[in-house]
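Chemist: Fold the stuff below for me.
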Amino acid sequence: MLESIAVCEPTTEFMKYGDWVSIEMRDPQGQSIFGEIKQQVKPYLR
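Modeler: From the prediction side, this is the model:
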């Protein structure tokens with residue numbers, strides 16, 4: 001976001017096919033609320 005403001009376009013590579021994305025939410029005690037969700041970025045196929 002900051003680079004987009006500074007130079008009017010993104011210069012850092014974003015995600016590409018084969019990358020992995022994960023998210024996990026923890027409670028105040030550090031325990032996982034729903035477990036980790038982990039997915040690989042793949043092209044959409046119809």
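Chemist: give me the beta-bridge partners of the residue nearest the centre of the chain?
Modeler: Nearest to the mean C-alpha position of the chain, by Cα atoms, centre = their mean, lies Val21 at 4.7 Å. Applying DSSP bridges to Val21 yields these beta-bridge partners: Gln39.
Chemist: Glu36 and Asp19: what is the separation?
Modeler: Glu36 sits 16 Å away from Asp19, going by Cβ to Cβ, to the nearest Å. Every C-beta, even on glycine, is put in place using the N, C-alpha and C of the backbone.
Chemist: Looking at those two, which is more packed in?
Modeler: Taking neighbours as other Cβ atoms under 10 Å, Glu36 and Asp19 compare with Asp19 leading, 12 against 9.
Chemist: And the residue nearest to that one when sequence neighbours are not counted, how far from Trp20?
Modeler: Distance criterion Cβ to Cβ, 6 or more residues apart in numbering; nearest residue to Asp19, sequence neighbours excluded, is Val41 at 4.6 Å. From Val41 over to Trp20 the distance is 7 Å, taken as Cβ to Cβ.
Chemist: Now do the phi/psi pair for Lys45.
Modeler: Careful, residue 45 is Leu and not Lys. For Leu45, the backbone dihedrals (degrees, to the nearest 10) come out as phi -120, psi 130.
Chemist: Tyr17 versus that one, what's the distance?
Modeler: Remark: distance between Leu45 and Tyr17 (Cβ to Cβ) = 12 Å.
Chemist: swap in Glu24?
Modeler: Distance from Glu24 to Tyr17, by Cβ to Cβ: 23 Å.
Chemist: Please identify which of these two sits among more neighbours.
Modeler: Neighbour tally, Glu24 and Tyr17, criterion other Cβ under 10 Å: the higher count belongs to Glu24, 11 against 8.
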